[in-house]
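Visitor: The following comprises the amino acid sequence and a computationally predicted model.
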Amino acid sequence: RTVRDAARVVGVHRTTSFRWRHRFVPGAMRDRPATLSAIVEADETYRLESQKGARNLTRPPRKRGGVAKRRGINREHDCLLVARDRSGRTLDFHTGRGQVTVGQLHECLKPVLPDDALLITDGAIVYQHFAEQAGIAHEAVNVEAGVRARGAIHIQNVNSWHSRFKSWLVRFRGVASRYLIHYSGWQRVLDDRRLTKPAHLLCAAVQLG
């Protein structure tokens, strides 16, 4: 629900609804696996940088539904890196503006990949460099050439997660960049379907917040 709709249902002011949301979500989003295993798919998704709610913008304001000034992925976009193994365990990382780098892959993926993992990605060269430096087995799918899968070698699970996340995010009518990792963590908790009741979510927030 939107902040306003949640406030109406619960019977509180919208500012209270907003405050509760942004106190709860960071705790719940930290309910995440420590590592991934076996076959791991990794890919990024990008969203136009947003300063929604900021008092002092660092750029001229955009109209709702605005677009980047330059074509392609650039510093006007936020990068959300998602890694997902075949058992469904998922980790998300907001790496900042622009395309993901080899250094960021080392920081995000190296600690959560076991030595015997098989990393599957698209054909972006940064993944190849990372895998070689980290000593991790790696297979690439040339998505740009129209190759979606080679048997079990595909990134369809992580791309499906991206699709669900983007569809779910539409209802919020824009999310500020500083809260992007909160919302991806929120979606990850919902998608995992372990915390299925309000009490489960509250306990996660209290224990991990």
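Guide: Done, it's in.

Visitor: Give the bridge partners for residue 77, please.
Guide: Residue 77 forms beta bridges with residue 48, as assigned by DSSP bridges.

Visitor: Quick check: it touching residue 44?
Guide: No - checked against CB atoms under 8 Å, the pair residue 77 and residue 44 is beyond contact range at 9.8 Å. Quick note: C-beta positions are derived from backbone N, CA and C, even for glycine.

Visitor: The two: which has the busier surroundings?
Guide: When neighbours are counted by other CB atoms under 10 Å, residue 77 and residue 44 differ, and residue 44 comes out ahead with 24 against 21.

Visitor: any idea whether the more buried one is helix, strand or coil?
Guide: What DSSP: H, G, I helix; E, B strand; the rest coil gives for residue 44 is strand.

Visitor: now the helices for the protein?
Guide: In the chain, the helices defined using DSSP state H lie at 3-10, 14-29, 102-108, 125-134, 156-169, 180-192, 198-208.

Visitor: Least reliable of the ones you listed by average pLDDT, please.
Guide: The weakest mean pLDDT among the helices of the chain belongs to helix 198-208, with a mean of 70.

Visitor: on that earlier part again, which of the helices of the chain has the highest mean neighbour count?
Guide: helix 180-192 (a mean of 20; mean count of other CB atoms under 10 Å).

Visitor: what helices or strands is it leaning on?
Guide: helix 14-29, strand 77-85, strand 90-97, helix 156-169 (3 or more CB pairs under 8 Å, 6 or more residues apart in numbering; DSSP states H and E).

Visitor: got those as a markdown table, with distance to residue 122 columns?
Guide: A markdown table is the format used below for the helices and strands packed on helix 180-192 (distance: least, CB to CB, whole Å):
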| stretch | distance to residue 122 |
| --- | --- |
| helix 14-29 | 26 |
| strand 77-85 | 12 |
| strand 90-97 | 16 |
| helix 156-169 | 9 |
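
Visitor: circling back to that earlier point, I'd like to know which of the helices of the chain is closest to residue 143.
Guide: Evaluated with CB to CB, those place helix 156-169 nearest to residue 143, the distance being 8.7 Å.

Visitor: Does anything pack onto the closest one? Which helices or strands?
Guide: Helix 156-169 packs on strand 39-48, strand 77-85, helix 180-192, going by 3+ CB pairs under 8 Å, 6+ apart.

Visitor: run the last query once more with 6 Å
Guide: strand 39-48, strand 77-85 (3 or more CB pairs under 6 Å, 6 or more residues apart in numbering; DSSP states H and E).
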